[in-house]
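Undergrad: My questions are about this predicted structure, shown below with the sequence.
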Amino acid sequence: MVQKLTTLKESPSQTAGPYIHIGATPNWVEITGVWEEDLGLVLVGSETKGERIIIKGRVFDGSRTPLKDALIEIWQADADGLYNSPEEKRGKADPNFVGWGRQPTDGVTGDYKFETIKPGRVPYKDGRLMAPHITFWIVARGINIGLHTRMYFSDEEAANGQCPVLGRIEHKHRVQTLIAARGEENGLATYTFDIHLQGEKETVFFDI
Amino acid sequence: MSDQGPFYQRDRSWHPAAFTPQYKTSVLRSPQYPLLSLDNTISEMTGPRFGHNKIGPLDNDLIRNFAKAGDPIGQRIIVYGRVLDENARPVPGALVEFWQANAGGRYRHKKETYLAAIDPNFGGCGRTITDEEGRYWFRTIKPGAYPWPNGVNDWRPAHIHFSIFGHAFAQRLITQMYFEGDPMIWQCPIVSTIPDKAGIEQLVAALDRNATLPMDAMAYKFDIVLRGRRSTMFENRMEGN
Ligand SMILES: [Fe+3]
């Protein structure tokens, strides 16, 4: 026998199930009057620094059917590449930008949409800059443990080419699964980021 | 010594695999490529922090927070516990959100088709923030078991869904709480996605007679463990130095 370690095991994950919206976005599923506003719906205000952008897309299963019961959370740096978190030790982030958002996929079409700002660059652990990116976390019925991925920007080709994280993807054609295509809608930059859980275009997911 | 280092690698053998055919919906929703291992960067070691000002006084009282004309039907219970990390230290300021079916096993959701009645006085959602010792508690009614379309006759054991935000996005976790003594736990295709019996038992809340409110509510204790981080005591050098 040896001495016992005092570490605990992480609580095992269980699927969010089909009704996560009851807990996460109750107003969105017409449970009103419990609390006023669902958390994470609004990321930007008039004071927020940075380029306004829209991110939209769908989450597809292995039969290319969009998920209509998923919940997506995003987490990102501000326009200067700082996170609004007590764990951020490099400086003080924009006080008018929390950087966290939460949106359901539409119950009929499966579309999701975030209005946010384009983040600045954040260093990798060795000090090299990563390309601008937004962290995504996807949960839904049938997903046993939340999936982490990242969205990168199609108009950041040079930065993407130097990003130490993208550089770790062995199968180069899969890098494209993380790059959202820039477009324009009513004078606003839009990025389309479809997530594929399975199949030919399966998105790169991370074990972080 | 501080805990600012990267998080311990997630023990994927303790969690359910993505592909678990007994839970049919997972078949088409499970990634088939291996996950790309990524040593934590600042993007994962940071996370949003939710202030107590976001939380209303009834947010942790599911008996009262939706009721219009009287109390919900069902057995009144208190659920309490602590949010800890893998180093067994409390996680203060964690946002804990929960949602559940009513006493008849019916969710308040327009896509829900189970024939059990909706309770006009029960919404089924709540949330709270852990205190300095990582403690949380809420009051609710015990949810009922319900059937679901998987096998022709599969039932979920009574359960409460939990979503937990610790201090970093890498700690993000959704899980479910089950109730001590429920035989349905061991017949559930979703529960059985957890490979280890001890892992399942970690999600079973204990009936705590000492915490009950006599003539009012029974109490269940449910502790939640989030990922812990490496100590930085030997990591003062920069990478590559
Ligand atoms: Fe459920």
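TA: Yes, it's here.
Undergrad: those helices in chain B, which residues are they?
TA: Secondary structure of chain B (DSSP state H): helices at B:42-45, B:197-201.
Undergrad: what do you get for chain A?
TA: Going by DSSP H, chain A shows helices at A:20-24, A:157-162.
Undergrad: Just want the most central residue of the chain.
TA: You didn't pick a chain, so chain A it is. Within chain A, the residue whose C-alpha comes closest to the C-alpha centroid is A:Phe136; the distance, by C-alpha atoms, centre = their mean, is 2.0 Å.
Undergrad: if you could check chain B rather than the one you did, that'd help
TA: The centre of chain B sits closest to B:Phe162, judged by C-alpha atoms, centre = their mean, with a distance of 2.5 Å.
Undergrad: Name all residues that make contact with that residue.
TA: Counting by C-beta atoms under 8 Å, 6 or more residues apart in numbering or on different chains, B:Phe162 touches B:Val96, B:Glu97, B:Phe98, B:Ile174, B:Thr175, B:Gln176, B:Met177, B:Ile224. C-beta coordinates here come from the backbone N, C-alpha and C atoms, glycine included.
Undergrad: The residue nearest to the centre of chain A reaches A:Gln76, doesn't it?
TA: No. In terms of C-beta atoms under 8 Å, A:Phe136 does not count as a neighbour of A:Gln76; the distance is 9.6 Å.
Undergrad: what is in contact with the two at once?
TA: Joint contacts of A:Phe136 and A:Gln76 (C-beta under 8 Å, 6+ apart) do not exist.
Undergrad: mind checking how far the strand ranked longest in chain B is from the chain centre?
TA: When chain B is parsed with DSSP state E, its longest strand is strand B:76-85. Chain-centre distance of strand B:76-85: 10 Å, with C-alpha atoms, centre = their mean, to the nearest Å.
Undergrad: helices or strands up against it?
TA: Here strand B:76-85 touches strand B:135-141, strand B:218-221, strand B:224-226, going by 3 or more C-beta pairs under 8 Å, 6 or more residues apart in numbering or on different chains; DSSP states H and E.
Undergrad: Okay, buried residues for that strand please.
TA: Going by neighbour count (16 or more other C-beta atoms under 10 Å in any protein chain shown), the buried part of strand B:76-85 is B:Ile77, B:Ile78, B:Val79, B:Tyr80, B:Gly81, B:Arg82, B:Val83, B:Leu84, B:Asp85.
Undergrad: For residue 168, give me its contacts.
TA: All of this refers to chain A. Neighbour list for A:Arg168: B:Leu36, B:Leu38 [criterion: C-beta under 8 Å, 6+ apart].
Undergrad: Sorry, I should have been clearer: chain B.
TA: A:Ser85, A:Glu87, B:Phe7, B:Glu44, B:Met45, B:Thr46, B:Gly47, B:Arg229.
Undergrad: can you map out the strands along chain A?
TA: A:52-57, A:59-60, A:71-75, A:100-104, A:112-117, A:133-139, A:147-153, A:179-185, A:188-192, A:195-196, A:206-207.
Undergrad: Export those strands to JSON lines and append columns for distance to chain B.
TA: JSON lines is the format used below for the strands of chain A (distance: least, C-beta to the nearest C-beta, whole Å):
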{"stretch": "strand A:52-57", "distance to chain B": "16"}
{"stretch": "strand A:59-60", "distance to chain B": "9"}
{"stretch": "strand A:71-75", "distance to chain B": "5"}
{"stretch": "strand A:100-104", "distance to chain B": "4"}
{"stretch": "strand A:112-117", "distance to chain B": "13"}
{"stretch": "strand A:133-139", "distance to chain B": "5"}
{"stretch": "strand A:147-153", "distance to chain B": "7"}
{"stretch": "strand A:179-185", "distance to chain B": "15"}
{"stretch": "strand A:188-192", "distance to chain B": "17"}
{"stretch": "strand A:195-196", "distance to chain B": "9"}
{"stretch": "strand A:206-207", "distance to chain B": "4"}
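Undergrad: could these go into a markdown table alongside mean pLDDT?
TA: Shown next, in a markdown table, are the strands of chain A (pLDDT from 0 to 100):
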| stretch | mean pLDDT |
| --- | --- |
| strand A:52-57 | 98 |
| strand A:59-60 | 98 |
| strand A:71-75 | 98 |
| strand A:100-104 | 98 |
| strand A:112-117 | 98 |
| strand A:133-139 | 98 |
| strand A:147-153 | 98 |
| strand A:179-185 | 97 |
| strand A:188-192 | 97 |
| strand A:195-196 | 98 |
| strand A:206-207 | 98 |
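Undergrad: Export these to CSV and append columns for distance to B:Thr212.
TA: Output for the strands of chain A, formatted as CSV (distance: least, C-beta to C-beta, whole Å):
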stretch, distance to B:Thr212
strand A:52-57, 48
strand A:59-60, 43
strand A:71-75, 34
strand A:100-104, 35
strand A:112-117, 43
strand A:133-139, 33
strand A:147-153, 39
strand A:179-185, 52
strand A:188-192, 53
strand A:195-196, 45
strand A:206-207, 41
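Undergrad: what's the burial count for the closest residue to A:Glu184 other than its chain neighbours?
TA: The shortest distance from A:Glu184 to any non-neighbouring residue, by C-beta to C-beta, 6 or more residues apart in numbering or on different chains, is to A:Thr190 (6.4 Å). By other C-beta atoms under 10 Å in any protein chain shown, 18 other residues sit near A:Thr190.
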